[in-house]
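Chemist: sequence plus predicted model, see below.
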Amino acid sequence: MACNGLDKLYKEMPTINISEAKSTLSSLIAQVEKGRKIIIGKAGKPVAALVLYRPDTTPRKLGGTWSGKVNMADDFDILPSALADAFDVTPRDGFGAGYSHPHLGA
């Protein structure tokens, strides 16, 4: 395995074994919530790090390679009557592609 900067950092942190982590998980999570990093090891070697979860809050970039290349028809959400008849459904009036089914209800 290639050595990286994290390897040295993890070797300096205390490591607990898997069975201890399983039996004290609630306590370990409480420690992580206070900012501590927990290293879980197997046979004395680090295999996992228990760290505080930080969600990605960067705004999504919309668009992509298909931006401007795809157009949606104005009647996209309207269920064609031939298709409704084929599936034994009745299109409802109003916004969207709503339908009702005689046996399943709305």
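Modeler: Yep, that arrived.

Chemist: from here on, contacts and neighbour counts on C-alpha atoms
Modeler: Will do.

Chemist: centre of the chain to stretch 33-43, how far?
Modeler: How far stretch 33-43 lies from its chain's middle: 23 Å, per C-alpha atoms, centre = their mean, to the nearest Å.

Chemist: nope, stretch 76-95 is what I meant
Modeler: 33 Å.

Chemist: same check, this time on stretch 40-56
Modeler: A distance of 19 Å separates the centroid of the chain from that of stretch 40-56, by C-alpha atoms, centre = their mean.

Chemist: what about it, start to end distance?
Modeler: Chord length of stretch 40-56, first to last residue, is 24 Å (C-alpha to C-alpha, to the nearest Å).

Chemist: per-residue confidence for the residue most central in space within the chain?
Modeler: For the chain, the residue nearest the mean C-alpha position is P55 (10.7 Å; C-alpha atoms, centre = their mean). On pLDDT, P55 comes in at 92.

Chemist: can you check H101 too?
Modeler: Looking at H101, its pLDDT reads 54.

Chemist: now D7
Modeler: 59.

Chemist: switch to numbering from 57
Modeler: With the count now opening at 57, the last piece we talked about shows up as D63.

Chemist: domains for the protein, by residue range?
Modeler: Listed by automatic domain parsing, the domain ranges of the chain are 63-106, 130-157.

Chemist: would you single out the least confident of those?
Modeler: Least confidently modelled of those is domain 130-157, at a mean of 69 by mean pLDDT.

Chemist: coming back round to it: residues in contact with the residue nearest to the centre of the chain?
Modeler: Going by C-alpha atoms under 8 Å, 6 or more residues apart in numbering, P111 touches no other residue.
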